[in-house]
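In: here are the coordinates; sequence isn't available:
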């Protein structure tokens with residue numbers, strides 16, 4: 001079976017590409033391969049930052065593979081829930097990987113594609129990209145974490161509006177509500193993402209992973225509990241070799257040479 005998800009790596013950055021033509025839809029095979037790739041990258045000491053994108057210029061990911069839906073109509077509620085939770089395991093795995101992730105949206109980013117992009121830490125959209133959750137138009141609703149991740153990012157009312165109406169946003173509109181971080185000219189998204197990821201990869205993964213964990217875990221806690229969590233991670237980072245190197249490099253007015261330990 002031909003692989004639908006591939007990755008390459010250079011300079012501490014892994015670039016993961018979904019190649020499921022024509023629109024890179026989120027099929028069962030794509031979901032499975034995403035899980036395998038991110039498991040590999042989580043354990044790869046050479047990889048500090050990760051870019052996720054779609055092949056071609058038409059779509060990051062146009063949503064779930066609707067051709068798979070008819071068989072779901074004959075499944076029991078328990079079977080459907082189990083299948084859905086299995087896909088959530090992969091999405092959560094991407095969300096929780098202890099490395100910075102950047103989604104480069106190079107075209108249509110609908111439904112499951114939008115939900116996949118929401119699992120990444122940063123989203124860069126080319127100006128021709130469209131972003132949305134149109135499931136309601138099929139009598140469905142977002143089942144890949146969209147009802148949970150989108151409100152946490154853009155607020156409850158705006159998230160409900162987008163999901164109730166199902167209409168897409170332009171890249172610029174998505175930026176205005178905080179759904180994407182940057183909008184760049186068509187064809188320049190990968191260069192911008194690579195530049196950002198390469199800069200991030202020069203820093204210590206010991207610090208980067210603690211930033212990510214402090215934010216992700218702290219957002220689910222009461223404020224004082226979150227501050228206590230941050231203090232715990234802050235104390236931990238001072239036990240690493242990299243913090244000693246960073247402080248010494250600053251004193252000696254040179255660039256730090258982090259070893260990610």
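Out: Arrived safely, thanks for sending. Note that the coordinates shown come from a computational prediction; the quantities given were computed from them, not determined experimentally.
In: ok, then the element right after the helix or strand hosting residue 87?
Out: Using DSSP states H and E, residue 87 maps to helix 77-96. Moving toward the C-terminus from helix 77-96, the next helix or strand (DSSP H and E) is strand 101-105.
In: what's the helix or strand that that following strand is followed by packed up against?
Out: Downstream of strand 101-105, the first helix or strand assigned by DSSP H and E is strand 108-110. Strand 108-110 is packed against strand 59-61, strand 130-132, with contacts defined by 3 or more Cβ pairs under 8 Å, 6 or more residues apart in numbering; DSSP states H and E. Every residue, glycine included, has its C-beta placed from N, CA and C.
In: Tell me the neighbouring strands of the first one, and mark each as parallel or antiparallel.
Out: Just to be clear, that refers to strand 59-61. Within its sheet, strand 59-61 is paired with strand 108-110 (parallel), according to DSSP bridges.
In: List of residues touching the partner strand?
Out: Surrounding strand 108-110, the residues in contact under the criterion Cβ atoms under 8 Å, 6 or more residues apart in numbering are 23, 58-63, 117, 125, 129-134, 168.
In: Among these, which one sits closest to residue 43?
Out: Nearest to residue 43 among the contacts of strand 108-110 is residue 117, at 23.8 Å by Cβ to Cβ.
In: wait, doesn't that closest one sit right on residue 103?
Out: Yes: using Cβ atoms under 8 Å, residue 117 is in contact with residue 103, at 4.2 Å.
In: Need the overlap of contacts for the two.
Out: Both residue 117 and residue 103 are contacted by 52, 60, 123, under the criterion Cβ under 8 Å, 6+ apart.
In: so the first one bridges to which residues?
Out: Beta-bridge partners recorded for residue 52 (DSSP bridges): residue 16, residue 103.
In: Measure how buried it is and give me the count.
Out: Number of residues near residue 52 (other Cβ atoms under 10 Å) recorded here: 28.
In: Same question for the one 5 residues further on.
Out: Using other Cβ under 10 Å, residue 57 is surrounded by 12 other residues.
In: Tell me which residues touch it, please.
Out: When the contact criterion is Cβ under 8 Å, 6+ apart, the partners of residue 57 are 106-107, 186-187.
In: Now which of the residues you listed would you call buried?
Out: Among the contacts of residue 57, the ones that count as buried by 16 or more other Cβ atoms under 10 Å are 106-107.
In: Relative to the whole chain's centre, how far out is stretch 217-231?
Out: Centroid separation for stretch 217-231 versus its chain: 22 Å, with Cα atoms, centre = their mean, to the nearest Å.
In: what does that stretch contact?
Out: Contacts of stretch 217-231 with the rest of the structure, by Cβ under 8 Å, 6+ apart, involve 152, 214.
In: Straight-line length of that stretch, end to end?
Out: Stretch 217-231 has its terminal residues 13 Å apart, counting by Cα to Cα, to the nearest Å.
In: and it, what's its mean pLDDT?
Out: Mean pLDDT, stretch 217-231: 97.
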